[in-house]
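1. Dropping a prediction and its sequence here:
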Amino acid sequence: MRSDPIRDPLRFIDERTGAAPFLRKTLRYAFPDHWSFLLGEVALYAFIVLVATGVYLALFFEPSLADTIYTGPYAPLHGVQMSEAYRSVVDISYSVDAGLLIRQTHHWAADVFVASIVLHLLRIFFTGAFRRPRELTYLIGLVMLFTSLLEGYLGYSLVDDLLSGMGLAIGYGVALSVPVVGGDLAMLVWGGPYPGSPAFMSRMYIAHVFLLPVLLATLIGLHLALVASRHHTQFRRTPRQTERRLVGLPTFPGQAPRSLALMSAVAAVLFLLGGLVQINPIWLWGPYELALGTNGAQPDWYLGWLIGGLRLMPGFDVTIGDYTPVPNPFWGGVLFPLVVVGVLATFPWLERLATGSRGRHNLLDRPRDAPGRTAFGLAFLTWVTVVFVAGSADRATVFFGLDYESQIRVYRVLVWVLPIVVFFVARRICRGLQEAERVEETREEAEAEGRLAAR
Amino acid sequence: MKVRGWMILILGLLGLARGRGRPQRERIVEAGDPEPRAEAIVIVLLLLTALAAAGFVVAYGLGASTQVMGAALGGSLTLLAAALIVVAKRLVVSEELEEEYSGAHPDEREAVAQIVEESGSRMTRKRLLAAAAGAAGTSVGVALITPAVSLGPLFDSSPLYRTPWRAGRRLVDQHGKPMLADDIETETFYSAYPEGASKDDLGAPLVVIRLDPAALRLPPGREDWAPEGILAFSKICTHAGCAIALYRTPKFAPTQPKPALVCPCHYSTFDPAAGAQVTFGPAGRPLPQLPLMIATGRELRAAGNYSGPVGPSWSGVRSKPAS
């Protein structure tokens, strides 16, 4: 018998795994088409780049707080005392060929990863894709978003430069602020009062390179399995697309080259950014010392809303006698993110309560189709965004000379007023758009009737 | 004769066809027209991809800059993406498949429920069994996570109150040189550490400044804490533990009326003249003040421990003094 490059390997696999029916189904799985459906895929491909570049970095990084004196090629740091961790990252940047490229690509990929998850979440939210039967997919997505925030925070904390030290100090302050158990919690995590035991570096390291990535990878698998099991949602672009039937491009040959193209494009952008656009030049920050701080300390963008929450709070600790049940960082650092997570996680059920709609939804809404949801979502987004922007008020002071304290006072008002304004304006616009469509439809019908009558 | 000849010929051709390929089946993937131009574009793009990727290897070998390596690698991936887009748009058919959304499985569900129920039919005291199983499960769970307590000192918050400062301990600068009262000038600030103690201790670093003694409005009981107007505060912000790295002196008196110590993380602002009371920002407590004395040889020494525990607040921060 003649050999066949397609059928022979297939026979080998099918006889040993029985995978042929599964393969056939997979190749003809239909993907409904819309550009916004690619946002989640961008996150997936950024994750792949993160794992690949992260493994490479782990081959050179030394997770140790042991003291050393720098003697490498970067002259300004000569003779400076620093941790082995920081020294090894300076070496990755200056002594390892292509090390800086991979390090910067890793950092850019983290920023793009979180950004694409957030955009994906906005798409899911404003089209109602989270509704029954996809609540679990949505919840897993939320868990991944917040896991990736922690993962990113740990990633830049590992470097032990001045910025990472300041970030960790804040993390310690937020941990201490948890009511009642905060002191014990912080001591447990850090192994003692800040900066903690040397083992704290090992704890961050195992979490950053193993626990959280494995959790993320597992959740990605589950997320995709659930997407495939319930199938993609779709916009109603043709009358053939209904709540029961979907129309889309098969995995093979239609979708595969498109997805691979997106993967290549994401990797291309990340490597171009990593090569051409400097990010986190840690040799400029210097090694961390407890007693040092730098003006204009800004974390990676995805933690900006937490910095903003901490900065906006008026200064008070809640006290009862000499007991302090609620230290200040709790409000911006613990309660605020918990409220954001809580609202997002319960939203599918809140909406069901509010609208009474219990049905299954495979067709997506356009934002205008659900004015209440769109208005609430935009108001909520405005709330978080104002806090985020307030977190960069010091930059506005540096660049535009605006008085910092006045800005914060303005933001303290805006953070409550703007969301309410946005809610009513957005609802009005959605209803206006719906109205305009109805008028258009009526006009077309009338014209058609008119033509019939004329005949 | 003629008919038979034709039939043989047709059968032969059919046989030939069968020999050449497999029996013709109905197509699964839609048919489409060849696109020789698109093919040519894809081939060129793929070759350029290979060229750029090889360029990266060469750049790496020559020790080229990060920018060149990034451009080569990113460029090759860009070309690959372009090739794949042409494949997707022009070389494979873009079919529209219809599929039914799959629902749930009520029958299977019922069967599962039945299996679970029937499996327990021999058990009569189900609640008691469940309670016992719950107790076992919880205890084993607690036992398994107990070793995690070793991560840190649990239920012992005394380390949070501890500081290295004691009455008589000398203030030294970051190189270990003792600080003299006469070195401390107004309108600038100094970092100081306890002599002979670790700098990596939240309680160690101080910010030292000099103000006009007449301008001081320290809380009662601290009258002699600032000899000659020299003040020392913990350098660690009481909000979230960053270092107080900014000192605002009234160079522009109308807009910035008085000196202030500022934390660059969340802009907690403290008034040193008033014992580092919070005047703006999120901190909930003043910076702990360290009482100073000027010893023989004009050396600055601590005259005791801080006015309170250092660092960010926790539930017990006001319950005990610094120790």
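-> Received it, and whenever you're ready, just let me know what you need. Please read these numbers as outputs of a predicted model, since none were measured by experiment.
2. Any idea which helix or strand in chain A has the lowest mean pLDDT?
-> helix A:393-400 (a mean of 88; mean pLDDT, DSSP states H and E).
3. and after it, which helix or strand comes next?
-> On the C-terminal side of helix A:393-400, the closest following helix or strand by DSSP states H and E is helix A:404-454.
4. Does chain B have contacts with that next one?
-> Yes. Using C-beta under 8 Å from any C-beta of the partner chain, helix A:404-454 reaches chain B at A:Tyr404, A:Glu405, A:Ile408. Glycine gets a C-beta too; all of them are placed from N, C-alpha and C.
5. Please name every helix or strand in contact with that helix.
-> Secondary-structure packing of helix A:404-454 (3 or more C-beta pairs under 8 Å, 6 or more residues apart in numbering or on different chains; DSSP states H and E): helix A:304-312, helix A:371-390, helix A:393-400.
6. so which of these is the most packed in?
-> Burial of these is given as mean neighbour count (mean count of other C-beta atoms under 10 Å in any protein chain shown); helix A:304-312 ranks first at a mean of 25.
7. residues in contact with that helix?
-> A:170, A:174, A:298-299, A:329, A:331-333, A:336-337, A:340, A:384, A:387-393, A:408, A:411-412, A:415, B:239-240, B:265-267, B:281-282 (C-beta atoms under 8 Å, 6 or more residues apart in numbering or on different chains).
8. Give the rounded mean pLDDT of that helix.
-> Mean pLDDT, helix A:304-312: 95.
9. before we move on, what about stretch A:267-284?
-> In this model, stretch A:267-284 carries a mean pLDDT of 96.
10. Return the distance of it from the chain's centre.
-> 19 Å (C-alpha atoms, centre = their mean, to the nearest Å).
11. how about that stretch as CSV, C-alpha atoms only?
-> C-alpha atoms of stretch A:267-284 as CSV (Å, rounded to 0.1, in the frame of the first residue of the first chain):
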residue,chain,number,x,y,z
ALA,A,267,4.0,37.9,19.5
ALA,A,268,5.3,40.4,16.8
VAL,A,269,4.0,43.4,18.6
LEU,A,270,5.3,42.2,22.0
PHE,A,271,8.8,41.5,20.6
LEU,A,272,8.8,44.8,18.8
LEU,A,273,7.8,46.6,22.0
GLY,A,274,10.4,44.5,24.0
GLY,A,275,13.1,45.5,21.5
LEU,A,276,12.3,49.1,20.7
VAL,A,277,10.4,50.6,23.7
GLN,A,278,12.1,50.7,27.1
ILE,A,279,10.1,49.5,30.0
ASN,A,280,11.0,49.4,33.7
PRO,A,281,14.7,50.3,33.4
ILE,A,282,15.5,48.9,36.9
TRP,A,283,19.2,49.9,36.8
LEU,A,284,18.0,53.5,37.0
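12. can you give me the strands for the stretch 101-250 of chain A?
-> Ranges of strands in the stretch 101-250 of chain A, per DSSP state E, counting those that start in this stretch, are A:245-250.
13. for the residue of it found nearest chain B, what are its contacts?
-> Minimum separation of the stretch 101-250 of chain A from chain B (C-beta to the nearest C-beta) falls at A:Gly173, amounting to 3.1 Å. Residues near A:Gly173 by C-beta under 8 Å, 6+ apart: A:Pro329, A:Gly333, B:His239, B:Ala240, B:Gly241, B:Gly311, B:Pro312.
14. Let me see the ranges of the strands in chain B.
-> Secondary structure of chain B, counting by DSSP state E: strands at B:97-100, B:171-172, B:190-194, B:206-210, B:230-234, B:246-248, B:260-262, B:269-271, B:277-280, B:289-290, B:292-294, B:300-302.
15. Highest mean neighbour count out of those?
-> Counting by mean count of other C-beta under 10 Å, strand B:230-234 has the highest mean neighbour count of those, with a mean of 27.
16. which other helices and strands contact that strand?
-> So strand B:230-234, by 3+ C-beta pairs under 8 Å, 6+ apart, packs with strand B:206-210, strand B:289-290, strand B:292-294, strand B:300-302.
17. Pretty sure B:Ile236 sits against B:Gly311.
-> Yes. Between B:Ile236 and B:Gly311 there is a contact under C-beta atoms under 8 Å: 5.1 Å.
18. Looking at these two, which one has more neighbours?
-> B:Ile236 (30 against 25; other C-beta atoms under 10 Å in any protein chain shown).
19. so how far is A:Tyr194 from that one?
-> Separation of B:Ile236 from A:Tyr194 (C-beta to C-beta, to the nearest Å): 9 Å.
20. again with B:Gly61
-> Applying C-beta to C-beta, the value for B:Gly61 to A:Tyr194 is 46 Å.
21. List buried residues within the contacts of helix A:304-312.
-> Among the contacts of helix A:304-312, those classed as buried by 16 or more other C-beta atoms under 10 Å in any protein chain shown are A:170, A:174, A:299, A:329, A:331-333, A:336-337, A:340, A:384, A:387-393, A:408, A:411, A:415, B:239-240, B:265-267, B:281-282.
22. ok, back up a step: show me which of the contacts of A:Gly173 is closest to A:Glu440.
-> A:Gly333 (49.5 Å; C-beta to C-beta).
23. residue contacts, the closest residue to that closest one other than its chain neighbours?
-> Nearest non-adjacent residue to A:Gly333, counting by C-beta to C-beta, 6 or more residues apart in numbering or on different chains: A:Val174, 3.5 Å away. A:Val174 is in contact with A:Leu310, A:Pro329, A:Phe330, A:Gly333, A:Val334, B:Ala240, counting by C-beta under 8 Å, 6+ apart.
24. What does the pLDDT read for A:Val174?
-> The predicted local confidence for A:Val174 is 97.
25. wait, does the longest helix along chain B contact chain A?
-> Selection of the longest helix in chain B by residue count, based on DSSP state H, yields helix B:36-61. Yes. For helix B:36-61 and chain A, the contact criterion (C-beta under 8 Å from any C-beta) is met by B:Tyr60.
26. what helices or strands is that helix leaning on?
-> helix B:66-86.
27. How about the helix it packs on and chain A, any contact?
-> Yes. Counting by C-beta under 8 Å from any C-beta, chain A is contacted by helix B:66-86 at B:66-71, B:73-78, B:80-82, B:84-85.
28. ok so, going back, and B:Gly61 and A:Tyr194? Which one has more around it.
-> A:Tyr194 (25 against 9).
29. so that one sits right up against B:Gly311, yeah?
-> Yes. The pair A:Tyr194 and B:Gly311 qualifies as a contact (C-beta under 8 Å) at a distance of 6.7 Å.
30. Overlap in contacts, those two.
-> B:Leu202, B:Gly241.
31. helix/strand/coil for A:Leu292?
-> Using DSSP: H, G, I helix; E, B strand; the rest coil, the structure places A:Leu292 in coil.
32. Please name the residues that touch the closest residue to it other than its chain neighbours.
-> Nearest residue to A:Leu292 in three dimensions, chain neighbours excluded: B:Ala243, at 5.6 Å (C-beta to C-beta, 6+ apart). B:Ala243 makes contacts with A:Met166, A:Ala169, A:Leu290, A:Ala291, A:Leu292, A:Gly293, B:Pro205, B:Lys235, B:Ile236, B:Cys237, B:Cys263, as judged by C-beta under 8 Å, 6+ apart.
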